[in-house]
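Student: below is the structure, and that's it, no one-letter string:
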């Protein structure tokens, strides 16, 4: 196969620019959306590098390999396995159930089967509340609910352990729950969030503001903190990295756990998280299917550091 040098340069430079945009979206919302698919760019760059190498198109091969390196350095760290253990002192879960879910009873049955000590629900509306109350009133008697009847930011926390105090904050016009719990004589703060998706230019900026504010809240507490929810950001995004650094938090993840969207029967990108501060040691993390939802749920186990 013969391809002119100018065409090899053109294809290779486009790959390089695409890969660089994942590193530096420059606050441009279209590039922000593209960066969520850096793992697809990695696969594309590998395919082009292999094919161009087979046909000895060395210019394109070289540029493609550089693009592979740029994408791989972002994506491959997300494939690390969790070095867990059999002991869990606390099971935490997060479920985005989809406000218009047509399978509410099946979804709640799946949530109950996870047997989490504390769990959060995103996209909560009034139609969910009677079912949730009927199932969890005895097992999780400590509840904070801030349902929204319009799409899509209703939120709730359900706990087996006492909630000693809480606030429902309004951050960029969406609710954030900050709850203080007493777990086996240990004070723990759980923060449940659902940020705005970066589908419009202004919402990208607002999402980043939400992450910044929640990080400031998280780092202000001395006791262990768990921040969980639908973050609407991929783990290699600079705004998410800043969130973890500023909040002094770490992500619980066992390999590359994509959670959204489930419209194709399998998820494409990771945007749901359970994060934690020091004082908690992650022991497990698994994703679970929620009937009728466009997200997978996350269930994580923790051990207490001082035990």
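Tutor: Good, I have the coordinates. This is a predicted model, so every value here is computed, not measured. Residues are numbered from 1 along each chain as shown.
Student: mind listing the strands for the stretch 101-250 of the chain?
Tutor: Along the stretch 101-250 of the chain, counting by DSSP state E, counting those that start in this stretch, strands occupy 118-122, 142-146, 155-159, 163-171, 174-183, 186-194, 225-230, 250-251.
Student: give me the number of residues near the closest residue to residue 128 other than its chain neighbours?
Tutor: Counting by C-beta to C-beta, 6 or more residues apart in numbering, residue 128 lies nearest to residue 104, which is 6.3 Å off, once chain neighbours are set aside. In short, each C-beta sits where N, CA and C put it, glycine included. Counted with other C-beta atoms under 10 Å, the neighbours of residue 104 add up to 18.
Student: so which of the strands of the stretch 101-250 of the chain gets nearest residue 34?
Tutor: Nearest of the strands of the stretch 101-250 of the chain to residue 34, taken as C-beta to C-beta: strand 225-230 at 20.1 Å.
Student: got the angle between the closest one and strand 155-159?
Tutor: Interaxial angle, strand 225-230 versus strand 155-159 (axes from the mean of the first three to the mean of the last three C-alpha atoms, to 10 degrees): 130 degrees.
Student: mind giving me the domain split of the chain?
Tutor: If you go by automatic domain parsing, the domain ranges for the chain are 5-79, 90-304.
Student: now do the same end-to-end measure for the last one.
Tutor: Taking C-alpha to C-alpha, to the nearest Å, the first and last residues of domain 90-304 lie 8 Å apart.
Student: how far off centre is it?
Tutor: Put simply, domain 90-304 sits 9 Å off its chain's centre (C-alpha atoms, centre = their mean, to the nearest Å).
Student: list the contacts of residue 85.
Tutor: Each residue near residue 85 by C-beta atoms under 8 Å, 6 or more residues apart in numbering is listed here: 283, 303.
Student: list the helices and strands the helix or strand bottoming out on mean pLDDT in the chain packs on?
Tutor: Lowest by mean pLDDT, DSSP states H and E among the helices and strands of the chain is helix 29-35, with a mean of 88. Helices and strands touching helix 29-35, by 3 or more C-beta pairs under 8 Å, 6 or more residues apart in numbering; DSSP states H and E, are helix 5-23, helix 201-219.
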